[in-house]
Structures are given as C-alpha cells and as structure tokens.
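Trainee: the following comprises the amino acid sequence and a computationally predicted model.
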Amino acid sequence: MLYGFLKILLRIGMFFYYRRLTFKGREHLNYEGPKVLIANHPNTIMDAWIVGAASREPVYFMAKGTFFNTPLKRRFLHALGLIPINRSSDGKVEGVSNEDSFEQCYRLLESGKTLAIFPEGSSYAERFLRKLKSGTARIVLQTEERNEGKLGVKVIPIGIVYQQPDKFRSSVLVRVGKPIDPLPYLELFKQDRLKAARLLTDQFRAGLSGLLVAADSKVAETLTDKIAATLDNAYVGSGSRFERRIELLSAINARVHWIERNDPEQFRQIEELTDRVYWQIERLAIKSSFLDRRFRSTMFIRQLLTSVIGLTLALPIYLYGFIHHIIPFKISEGLMKKMVAEVEYYAPIAILFGLLLYPLTYWGWIVLFNHFTNLPLIWSYVYFISLPFSGLLAYSFFMYYQHISFKWKYILLMIDKRDAMDLLKEDRETLRNLVFPQN
C-alpha cells in the first residue's frame, strides 16, 4: 500500500518536473514470470523512480547498504521493497548482511517477483556506460541453479536517456530491450562460476549499449555532445525534438567512433573545428539551429512582431503564474543550493521539495482566496486546479521569451556582422561534411 501510494505521488512529481517522459518497448515488461530489470545509472534515485514507473508490477530494488544505517531507515526502506547490499567501496554497514540480501533476492525471484538492479554499481551524470558488476549475473544464475533451470528468469535491459538530468522541464526517453535468457550459461556456471557470470554480464552490457547513446569514453562523449549542439536543427525532422536529438547523437557517436579508429588526422580536424565553432556559438549566445535557416530580415522581423504580440497577450497569464509560484520557487532554489552538492541528486531532491512546498503554498493561497471572497466552493476547486498549470504556463512564457531574445540577437548580428556570421556558417557546414561526408 505504501509502495503504491508513493509510486503515484512520485509519478505526479515527475509529470510536473519533466516535460516529456517517453517509454519505448514497454511491452517487453509484460513477461509474466520472474524477471530482473537492469538499467544504466546516471541520475541516482530518479533512475529507480523511472524504472518503477515503467513497470506495472511492484519492483524490488537493490540499494547500497549505507542507506540502511539506522533501524528506522531499515524498517522504512524494507517497507518500500528495497534490499540492502554492502559495497566494497562503502564498507560493511551494521545490520546489513549480503548473504541475507542475496537469499532474499533468490526467494523473490522464486515467487515470481520483479527485481531491479543497477549493475554499474554507482551513479554519475553521464551517458558513458561504465563497467558492469557481475553480481547481477551471479544472482540470476544462482537462482536458476537452485531451481534446476526450471524457473524461467528473464533479464530485461532498460536504457534511460536524459536530455539534461537535472534540468526542470527537460525530457527523458526510456527504452526497454528484449528479455535476455540466462539459461544458455547455466551449465558453464556449474563448472566455472566466474567465467559464466562474466560472459552473461557481457551480454547485459551489449543489451544496455543498444538502448543508449553510449560513447567509449568521457572524452568521446564530450566531443559528441559539442558536435550535436553545434549541428542541432530544431526545424528539421519528425517526432519530438528530443527524439531527433537522440538520433543525431547516435549518428554522431557512431561516426566519431569510426573516424577515431580509422582516420586520426580527420578526427583531430573535427576536434579543432568543433571547439572553434562551439566556442563562437557560445560567445555570440545564439542558437545553432538559426544558422541553418536562410536569413531574410523581413521574415524574421515579421515573426518577431507576431511573437511580441503573442507575448503581450499572454503576459497576464505569466504574471498570474509568477505571483503564485515565486515564493516556493525561491525557497526551493535556496535550499537546493545549500543541500545539494552533486548534480546527480538535484532532480530527485527538487521533486521531493516540490511535492512538499508547492501544495503547502497552494493551500495558503486557497485560504486567502476563501477569506477575501464569498464565491461558491466550486470556484475554490477551479482556483486550486489552475495553480499548478499556471506555473507551467509561466515557465513556458519565460522560455519562449528567451527564444525571442536569441532570435533578436541573431538578427542584429546578421545585420551588423554579416561577414563573421557567414564565416561561422561556412565553418559549421565544413564540420557537418567532415562528420557526415556527402559521398
């Protein structure tokens, strides 16, 4: 009951925090037997919430033992379906036994339940898929060995791709892969446990890598991100902008990997040109997608005038949302700066603060509304429902205002520094041709 309530509450929090949470391949989770969900781990607790939201069944998670360092925490986290594990990097936590935890995992799978594990073992805000621990493979194979290979455990990989893990109103794409059958490794496991676990872990890695935009290294990931930011075009392609960005990242990642291995000189040229073009775009504070559009001053100015009229008409809605949300926003912002040192914890803690601060703020506005008006009760409900959505509209207004500011700056640059802008466009097109040759 507690799990179900918190799942609904957190799903509401994620709905307001992220613009879009998209699941692909969710049908693979319909397998009715025992299953282990494995996922990459770039965003700490948020990853667990997303895996839990993907599954329609209750999910039991393995978590680091340091979360269970007091009797009260242990009681609460066990009630949520969390299973503690002592990691070698953290040391042994009193009251946490790995043997008991493994036994609990075996029994959960034997009873047909769903277990979730993050085999990287730690969380960092990067797309680079780190080395996977072999513990997941050992748990799965040990469970099947206990049941003579008749249990039918399946391992389902889940790739979580964040647009920007910590950014409010960014997007998340969750890809669920085809189930992996561990049984082909069971006979080898009986003879050589280490080798079987290692080979099955390699298959887990292949399954996860196919769902992610995973570079070979942090350096390659940074270069891929810069190239994508430089070549990104918001006005071309179908589907959501984030999904188009993922496709672009995947294509760039594959090309960068190939060029680095086969043409080091071209790779060096790409690095140098990317740094130069990316730096100029950042320095000029313009959107790279504007550079793909043919510049016609009359068209841009007409669009600006239309946008300004729209912003003027929407200003009352923005002020309504701004007035009702500025206080909890500033409180939350101040608390986050003091309490959160690691970017991987920003989004989940921001959601928890939001689930507390904003309902309290809305309650305060409702009290004031009822005190100063004599309207029927139905209007209090209407007022309450309008509050969270007015906040989202106010944020959208602000982001659109920023977009118009970028466009205005671009127009001024094209008028005042046309030669420099044309040179930037040429460099950008050269970079595109280096990464994606036309022939």
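Mentor: Cool, got the structure.

Trainee: which stretches of the protein form strands?
Mentor: Taking DSSP state E to define them, one finds strands in the chain at 20-24, 35-39, 59-64, 82-85, 114-117, 154-162, 171-176.

Trainee: and those as TSV, adding mean pLDDT and distance to Gly321?
Mentor: Using the backbone N, CA and C atoms, a C-beta is placed for each residue, glycine as well. Listed next are the strands of the chain as TSV, based on pLDDT from 0 to 100; distance: least, Cβ to Cβ, whole Å:
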stretch	mean pLDDT	distance to Gly321
strand 20-24	95	20
strand 35-39	98	35
strand 59-64	92	35
strand 82-85	92	37
strand 114-117	97	37
strand 154-162	97	25
strand 171-176	96	21
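
Trainee: which one of the ones you listed lies nearest to Arg268?
Mentor: With Cβ to Cβ, the closest approach to Arg268 among the strands of the chain belongs to strand 154-162: 28.7 Å.

Trainee: for the closest one, buried residues please.
Mentor: Residues Lys154, Val155, Ile156, Pro157, Ile158, Gly159, Ile160, Val161, Tyr162 are the ones in strand 154-162 that count as buried (16 or more other Cβ atoms under 10 Å).

Trainee: wait, what's in contact with the last one?
Mentor: If I follow you right, that is Tyr162. Pro42, Asn43, Ser170, Ser171, Val172 (Cβ atoms under 8 Å, 6 or more residues apart in numbering).

Trainee: and the strands of the chain: which comes nearest Lys226?
Mentor: Using Cβ to Cβ, the nearest of the strands of the chain to Lys226 is strand 154-162, at 17.5 Å.

Trainee: any idea of the pLDDT on the residue of the chain positioned farthest from its centre?
Mentor: Here the centre of the chain is the reference, and by Cα atoms, centre = their mean the most remote residue is Asn374, at 45.2 Å. pLDDT, Asn374: 86.

Trainee: repeat that for Gly237.
Mentor: 56.

Trainee: where does pLDDT dip in the stretch 301-439 of the chain?
Mentor: Per-residue confidence for the stretch 301-439 of the chain (pLDDT under 70) gives these ranges: 439.

Trainee: run the chain-centre distance for stretch 319-331.
Mentor: Chain-centre distance of stretch 319-331: 26 Å, with Cα atoms, centre = their mean, to the nearest Å.

Trainee: if you could redo that for stretch 29-44, that was the one I meant.
Mentor: 16 Å.

Trainee: show me what counts as buried in it.
Mentor: Under the neighbour-count criterion of 16+ other Cβ under 10 Å, stretch 29-44 has Leu29, Pro34, Lys35, Val36, Leu37, Ile38, Ala39, Asn40, His41, Pro42, Asn43, Thr44 buried.

Trainee: is it correct that Phe204 is in contact with Ile38?
Mentor: Yes - at 5.8 Å, Phe204 counts as touching Ile38 under the criterion of Cβ atoms under 8 Å.

Trainee: give me the common contacts of these two.
Mentor: Pro119, Thr136, Val155, Pro157.

Trainee: list just the nearest of those to Val435.
Mentor: Taking the shared contacts of Phe204 and Ile38 together and measuring to Val435 by Cβ to Cβ, the closest member is Pro157, at 28.4 Å.

Trainee: how much space separates that closest one from Ala63?
Mentor: Plainly put, Pro157 is 19 Å away from Ala63 if you go by Cβ to Cβ, to the nearest Å.

Trainee: try Val308
Mentor: Distance from Val308 to Ala63, by Cβ to Cβ: 51 Å.

Trainee: before we move on, what about Asp47?
Mentor: Taking Cβ to Cβ, one finds Asp47 at 11 Å from Ala63.

Trainee: so the two - more neighbours on which side?
Mentor: Neighbours around Asp47 and Ala63, counted as other Cβ atoms under 10 Å, are more numerous at Asp47. The numbers are 24 against 20.

Trainee: doesn't Ala125 make contact with the more buried one?
Mentor: No - using Cβ under 8 Å, Asp47 makes no contact with Ala125, being 10.9 Å away.

Trainee: and which of the buried residues of stretch 29-44 is nearest Val219?
Mentor: Using Cβ to Cβ, the buried residues of stretch 29-44 come closest to Val219 at Pro42, 17.2 Å.

Trainee: quick one: contacts for the closest one?
Mentor: Ser123, Tyr124, Ala125, Glu126, Arg127, Ile160, Tyr162, Pro165, Glu344.

Trainee: next one: the fourth one, what pLDDT does it get?
Mentor: In the predicted model, Glu126 carries a pLDDT score of 85.

Trainee: and it, what are its phi and psi?
Mentor: Taking degrees, to the nearest 10, you get phi -150, psi 150 for the backbone angles of Glu126.

Trainee: what's the burial count for the closest residue in space to Ala251 that isn't next to it in sequence?
Mentor: Distance criterion Cβ to Cβ, 6 or more residues apart in numbering; nearest residue to Ala251, sequence neighbours excluded, is Phe436 at 7.5 Å. Per other Cβ under 10 Å, the neighbour tally for Phe436 reads 11.

Trainee: and Phe436, how close does it get to Leu368?
Mentor: From Phe436 to Leu368 the distance is 58 Å (Cβ to Cβ).

Trainee: just Met421 next, same as before
Mentor: 51 Å.

Trainee: please say which of those two ends up with more neighbours.
Mentor: It is Met421, of Met421 and Leu368, that has more neighbours when counted by other Cβ under 10 Å, with 20 against 10.

Trainee: residues touching Trp49, list them.
Mentor: Trp49 neighbours (Cβ under 8 Å, 6+ apart): Leu10, Met14, Pro348.

Trainee: among those residues, which one sits closest to Tyr320?
Mentor: Closest to Tyr320, out of all of these and judged by Cβ to Cβ, is Met14, at 24.6 Å.

Trainee: neighbours of that closest one, just the number please.
Mentor: Count around Met14 with other Cβ under 10 Å applied: 18.

Trainee: tell me what the lengthiest helix in the chain is packed against?
Mentor: Criterion DSSP state H: the longest helix present in the chain is helix 297-339. With contacts taken as 3 or more Cβ pairs under 8 Å, 6 or more residues apart in numbering; DSSP states H and E, helix 297-339 sits against helix 346-372, helix 377-416.

Trainee: now tabulate the ones you listed in JSON lines and tack on distance to Arg276.
Mentor: Converted to JSON lines, the helices and strands packed on helix 297-339 look like this (distance: least, Cβ to Cβ, whole Å):
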{"stretch": "helix 346-372", "distance to Arg276": "31"}
{"stretch": "helix 377-416", "distance to Arg276": "17"}
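
Trainee: can you tell me the average pLDDT over stretch 178-190?
Mentor: 97.

Trainee: show me what counts as buried in it.
Mentor: Going by 16+ other Cβ under 10 Å, stretch 178-190 has these buried residues: Pro179, Ile180, Asp181, Pro182, Leu183, Tyr185, Leu186, Phe189.

Trainee: for those, which two are the farthest from each other?
Mentor: Pro179 and Phe189 (18.5 Å).
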